[in-house]
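Novice: Using only what follows, build the 3D model:
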Amino acid sequence: MYNYKDFPEVDEYVIVTITNINPNSAFAKLDEYENKSGMIHISEVASTWIRDIRKYLSVGDKKVAKVISVDLSKGYINLSLKRVKHTTERDKKTERKNEKKAENLFSMAAKEMGIDLKEAYKLIGFELQKKYDLLYTAFDIAANDGAEALINDGVDKAWAEKIELVAKKNIKPKEVTIKGILDLRSYKPNGIEIIKGGLSLANNENISIVYLNAPKYLIRVTSKDYKECEKILKENTDKIIEYIVKNGGEATFIREK
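Specialist: Reported below is the predicted structural model:
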């Protein structure tokens with residue numbers, strides 16, 4: 001994996017592969033940094049006292065570690081496993097998965113530009129990593145907001161357009177969902193028909209309405225754009241409420257967070 005940094009920073013979380021185990025320590029290769037290894041002291045393996053480190057680690061294990069110190073002059077990197085929370089471990093593994101996907105996508109973009117991958121990183125890949133922290137972020141932005149968003153951030157136009165082309169073919173755009181509760185009441189003999197008539201006015205393809213219990217209905221709107229969601233929700237709840245009230249019923253809407 002290509003990385004614009006030669007060494008990780010203190011407090012950074014990294015993916016490592018255990019390569020060697022000694023009685024009081026283990027050594028691990030940093031998967032995201034070329035030719036870099038770190039040491040995990042037995043006291044940094046787990047929060048409890050450890051008699052046999054091999055009961056906790058095996059050669060080949062993939063772990064998420066926290067960088068606790070870096071000596072650039074000697075090339076020493078000290079790592080900790082016990083200082084990594086479960087949520088952090090999960091997030092880091094997801095990040096790593098996304099970065100591997102981003103590298104494949106960047107390779108496609110480089111091919112579209114007719115440039116070798118290694119050279120492409122020198123030209124713009126490392127710049128994207130610095131700008132967005134993660135290469136995947138550039139592709140995510142392109143998939144959801146288009147090349148223009150990258151260009152506005154200072155990314156070369158030709159590259160931005162190729163990244164958008166690849167991103168939109170391979171990354172599903174994010175969706176936003178908002179919802180709320182409609183309270184609909186009618187005491188007329190044909191009250192049920194009045195309520196059904198009001199609900200039928202919400203015929204937008206992005207809307208779903210689910211009966212909860214009388215007189216409550218859950219209305220949910222899903223779209224790629226938050227403002228569009230808000231607009232659709234307001235327009236349709238207003239239509240429903242207006243219809244119910246106009247026909248002698250009672251109607252309110254409470255937005256859920």
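Novice: ok, residue 248 - contacts?
Specialist: 186, 188, 194 (Cβ atoms under 8 Å, 6 or more residues apart in numbering). The way it works is simple: take the backbone N, C-alpha and C, and place the C-beta from them, glycine included.
Novice: same thing but at 7 Å, please
Specialist: Residue 248 makes contact with 186, 188, according to Cβ atoms under 7 Å, 6 or more residues apart in numbering.
Novice: now do the one 4 residues further on
Specialist: In this structure, residue 252 makes contact with residue 183, judged by Cβ under 7 Å, 6+ apart.
Novice: Surely it forms part of a helix?
Specialist: No: looking at residue 252 with DSSP: H, G, I helix; E, B strand; the rest coil, it is strand, so not inside a helix.
Novice: pLDDT score assigned to it?
Specialist: According to the prediction, residue 252 has pLDDT 96.
Novice: how much space is there between it and residue 218?
Specialist: Distance of residue 252 to residue 218, computed by Cβ to Cβ, to the nearest Å: 14 Å.
Novice: And the strands in this protein, which stretches?
Specialist: 13-21, 25-30, 37-41, 62-71, 76-80, 176-185, 207-213, 216-223, 250-256 (DSSP state E).
Novice: so residue 31 makes contact with residue 13?
Specialist: No: look at residue 31 against residue 13 with Cβ atoms under 7 Å: they stay out of range, at 12.0 Å.
Novice: Comparing these two, which residue is more hemmed in?
Specialist: residue 13 (19 against 15; other Cβ atoms under 10 Å).
Novice: hey, what's residue 66 bridged with?
Specialist: residue 13, residue 80 (DSSP bridges).
Novice: residues contacting it?
Specialist: 11, 13, 79, 80, 83, 84.
Novice: From residue 185, how far out is it?
Specialist: Remark: distance between residue 66 and residue 185 (Cβ to Cβ) = 56 Å.
Novice: cool, and residue 237?
Specialist: 15 Å.
Novice: So between those two, which is more surrounded?
Specialist: For residue 237 versus residue 185, the count of surrounding residues by other Cβ under 10 Å is larger for residue 237: 21 against 14.
Novice: wait, that one sits on residue 251?
Specialist: No: Residue 237 is beyond contact range of residue 251, at 8.8 Å (criterion: Cβ under 7 Å).
Novice: any residues in contact with both of those two?
Specialist: In contact with both residue 237 and residue 251: residue 182, using Cβ under 7 Å, 6+ apart.
Novice: List just the nearest of the contacts of residue 66 to residue 155.
Specialist: Closest to residue 155 out of those is residue 13 (26.7 Å), distances taken as Cβ to Cβ.
Novice: ok so, going back, would you turn the strands of the chain into TSV with distance to residue 54?
Specialist: Conversion of the strands of the chain to TSV gives the following (distance: least, Cβ to Cβ, whole Å):
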stretch	distance to residue 54
strand 13-21	6
strand 25-30	9
strand 37-41	13
strand 62-71	14
strand 76-80	17
strand 176-185	47
strand 207-213	53
strand 216-223	50
strand 250-256	51
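Novice: Cheers, nothing more for now.
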